[in-house]
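> Only the shape, not the letters, is given here:
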């Protein structure tokens, strides 16, 4: 597949008259090759932007359902952070080398590697923050409250139906056991 040129003009200015440059910017960059687009650091940052754009497009296709409570949303975001890290890991694993030789003769770290390292750091920070929030414990409490509400609603229903007290207690014990077995 041929590389497509981005639809972005160079942000540089011509030195002769100070007018905006009419050249096309290097893909992933804001400047053309005449205004620094060939510099190793510009090339590296442009490659990083292009990889990031491609992975963002891939992640946008994920089918993510909305969640009603913030604890579940945090768990969902953790999953996305990990998915981002894993997507970048696949890109890094597909590389034949982690570095490339720059035009200046030195070596440059590939953009995919730099993005993957950043994703690892984000994962660590995000998961550490989640651990500090005791999300699992809070989710368990939410689930327990929901189970208690169901049990209370059924107890009221049994009373309205006129079940004898002994059958009501037996039903509540069985209900509690069943709720615990499915959670």
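Happy to help now that I have it. Every value quoted in this text rests on a predicted model; they were computed, and no experiment measured them. Residues are numbered from 1 along each chain as shown.

> Low-confidence stretches in this protein?
1-6, 63-68, 70, 100-108, 135, 179, 182-183 (pLDDT under 70).

> And the strands in it, which stretches?
Taking DSSP state E to define them, one finds strands in the chain at 99-101, 107-109.

> All the helices of this protein, in order from the start?
40-60, 70-94, 111-132, 135-160, 165-182 (DSSP state H).

> Distance check, residue 61 against residue 87.
Distance, residue 61 to residue 87, by C-beta to C-beta, to the nearest Å: 12 Å. The C-beta positions use only the backbone N, C-alpha and C, and glycine is treated the same way.

> Count the neighbours of residue 11 for me.
13 (other C-beta atoms under 10 Å).

> Now do the contacts for it.
20, 21, 25, 30, 31, 35 (C-beta atoms under 8 Å, 6 or more residues apart in numbering).

> Out of the residues you listed, which end up buried?
Buried members of the contacts of residue 11, counted by 16 or more other C-beta atoms under 10 Å: 21, 25, 30, 31, 35.

> and the two most separated of these?
Within the buried ones among the contacts of residue 11, 21 and 30 form the most distant pair, 10.7 Å apart (C-beta to C-beta).

> sorry, back to before: just the closest of the buried ones among the contacts of residue 11 to residue 52, please.
Taking C-beta to C-beta as the measure, residue 30 is the one of the buried ones among the contacts of residue 11 closest to residue 52, at 14.9 Å.

> Just read off the phi/psi values of that closest one.
For residue 30, the backbone dihedrals (degrees, to the nearest 10) come out as phi -110, psi -10.

> Could you check how far the residue lying closest to it once chain neighbours are set aside is from residue 17?
Closest residue to residue 30 apart from its sequence neighbours, by C-beta to C-beta, 6 or more residues apart in numbering: residue 11 at 4.6 Å. Here the criterion is C-beta to C-beta. By it, residue 11 lies 16 Å from residue 17.

> same check, this time on residue 120
48 Å.

> neighbour count winner among these two?
residue 120 (13 against 6).

> tell me the contacts of the closest residue to that one other than its chain neighbours?
Among residues not flanking residue 120 along the chain, residue 85 sits closest, at 6.1 Å (C-beta to C-beta, 6+ apart). Going by C-beta under 8 Å, 6+ apart, residue 85 touches 116, 119, 120, 122, 123.

> Going by neighbour count, which of the residues you listed are buried?
Among the contacts of residue 85, those classed as buried by 16+ other C-beta under 10 Å are 116, 119, 123.

> List the contacts of the last one.
What it means is residue 123. Each residue near residue 123 by C-beta under 8 Å, 6+ apart is listed here: 81, 82, 85.

> Perfect, that will be all.
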